[in-house]
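Peer 1: Give the three-dimensional model of this entry:
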Amino acid sequence: MEEEAGKADVVHNHGVWLAANYYARRGAKKAGKPLVISPRGMVEDWSLGRSKMRKRVAWMLFERENFRRTKLFHATSGSEAKSIEDAFQFKFKLKFKKPTVVVAPNGVDVPEKIPGRELLEKRFAGLKGKKWVVFMSRIHPKKGLLELARAWREVRQSYPGWELVIAGPEQDKGYAEKVRAELKGEAVWTGELGGEEKWAALGNAGFMVLPSYSENFGIVVAESLAAGRPVITTTGTPWKELKEWGAGWWVEPKQESITQAMGEALTKTDAELDQMGARGRREVESKFSWRAAAETIVDAYKEIGDRALRECERECER
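Peer 2: Below you'll find the predicted structure:
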């Protein structure tokens, strides 16, 4: 790590509460390079409330020093930036300098063409002749799938032409079994989808649902909009603009709120859903390009590099 850090201008570490964070900081220190951290949602309230003992040990062993030496924090949304600042002031009660935080969203690919639905119908016979609602993310308690399952069972009887697609890796097998039991077979489970299959699932859906309790960004929301489909997601995600754009619903992460939003979405015509999706796609194209995100990060790198040089010059003068 030290050797690689010596070749770089900046050491940029992703995630918190991981042993690798210690080595990134040590490498940056020995090489005399600025350290940048992207917490990736790991200082959000929901995440801090999980595995508290393990986080406390990591904090004492290495993470507190990592935070102290970090020159810049990268947040993917304004709400995550606030979480980082709140963590310093209220949760960790750190007495050293308030962190510098730069906000740069994740870049999003915008597909030129959506693959046909037959790509999935060949593998999953339950989708033939059906419209579908898609959930796409890892199967984990954070994602609110039990609330979605209960909401789906409430609304699906009124909309027999629709199917629920659950696409994602089962990171928590026990939780996945609870969701299956709740759905009682009333869904198509595809496992993780990638490449053309991912875009076929998103782009041919009526809409996408991400009922998470907490997201620092929620890349699948942006991808669904990029595929031209509206989204239902929760106030646990930083996507309140969905309502302003007319591209979806931003509701409380509660069963009744998700049920109401799904009922509204399912009553819309195909043309109305298409119009909502088109509005979302335009917003993603203008606001979430890779170029814009990269330029923001590079400018931040230059700023901390210049700052480090000025600090070094002041030390030399002494």
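Peer 1: Now do the contacts for the closest residue to residue 301 other than its chain neighbours.
Peer 2: Beyond its immediate neighbours in the sequence, the residue positioned closest to residue 301 (C-beta to C-beta, 6 or more residues apart in numbering) is residue 10, lying 5.1 Å away. Every C-beta, even on glycine, is put in place using the N, C-alpha and C of the backbone. For residue 10, the contacting residues are 33-36, 301, 304-305, taking C-beta atoms under 8 Å, 6 or more residues apart in numbering as the criterion.
Peer 1: what's the answer for residue 200, then?
Peer 2: Residues 114-117, 119-120 are the ones in contact with residue 200 under the rule C-beta under 8 Å, 6+ apart.
Peer 1: Report the secondary structure state of residue 37.
Peer 2: On the three-state scheme (DSSP: H, G, I helix; E, B strand; the rest coil), residue 37 is labelled strand.
Peer 1: And for it, the neighbour number?
Peer 2: By other C-beta atoms under 10 Å, 27 other residues sit near residue 37.
Peer 1: list the contacts for it?
Peer 2: Residue 37 sits next to 12-14, 16, 21, 66-67, 70, 72-74 when contact means C-beta under 8 Å, 6+ apart.
Peer 1: if I look at it, how far off is residue 87?
Peer 2: Note on residue 37: its distance to residue 87, by C-beta to C-beta, to the nearest Å, is 12 Å.
Peer 1: that older thread, by neighbours, which of the contacts of residue 200 wins?
Peer 2: For the contacts of residue 200, neighbours tallied by other C-beta under 10 Å; top is residue 120, 23 neighbours.
Peer 1: Now it: which helix or strand?
Peer 2: When elements are assigned from DSSP states H and E, residue 120 belongs to helix 118-121.
Peer 1: just residue 202 next, same as before
Peer 2: Under DSSP H and E, the secondary-structure element containing residue 202 is helix 195-203.
Peer 1: Just the CA trace of that helix, in CSV.
Peer 2: Provided in CSV are the C-alpha atoms of helix 195-203 (Å, rounded to 0.1, in the frame of the first residue of the first chain):
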residue,chain,number,x,y,z
GLY,A,195,-25.7,-6.1,-18.6
GLU,A,196,-28.6,-6.4,-21.2
GLU,A,197,-30.8,-8.3,-18.7
LYS,A,198,-30.6,-5.5,-16.2
TRP,A,199,-31.6,-2.9,-18.7
ALA,A,200,-34.4,-5.2,-20.1
ALA,A,201,-35.8,-5.6,-16.6
LEU,A,202,-35.7,-1.9,-15.8
GLY,A,203,-36.6,-0.5,-19.2
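Peer 1: Return the set of buried residues in it.
Peer 2: Judged by neighbour count using 16 or more other C-beta atoms under 10 Å, the buried positions of helix 195-203 are 197-203.
Peer 1: quick one: average pLDDT of it?
Peer 2: Helix 195-203 shows a mean pLDDT of 97.
Peer 1: For the closest residue to residue 159 other than its chain neighbours, give me its contacts.
Peer 2: Setting aside the residues directly before and after it, residue 159 is nearest to residue 266 in space (C-beta to C-beta, 6+ apart), at 4.9 Å. Contacts here follow C-beta under 8 Å, 6+ apart; on that basis residue 266 touches 133, 155, 158-159, 162, 206.
Peer 1: I'd like to know which of these is nearest to residue 258.
Peer 2: Residue 258 lies nearest to residue 155 out of these, by C-beta to C-beta, at 9.5 Å.
Peer 1: Now do the host helix or strand of that closest one: which elements does it pack against?
Peer 2: Secondary-structure assignment from DSSP H and E places residue 155 in helix 145-155. Judged by 3 or more C-beta pairs under 8 Å, 6 or more residues apart in numbering; DSSP states H and E, the packing partners of helix 145-155 are strand 131-136, helix 173-183, helix 255-266.
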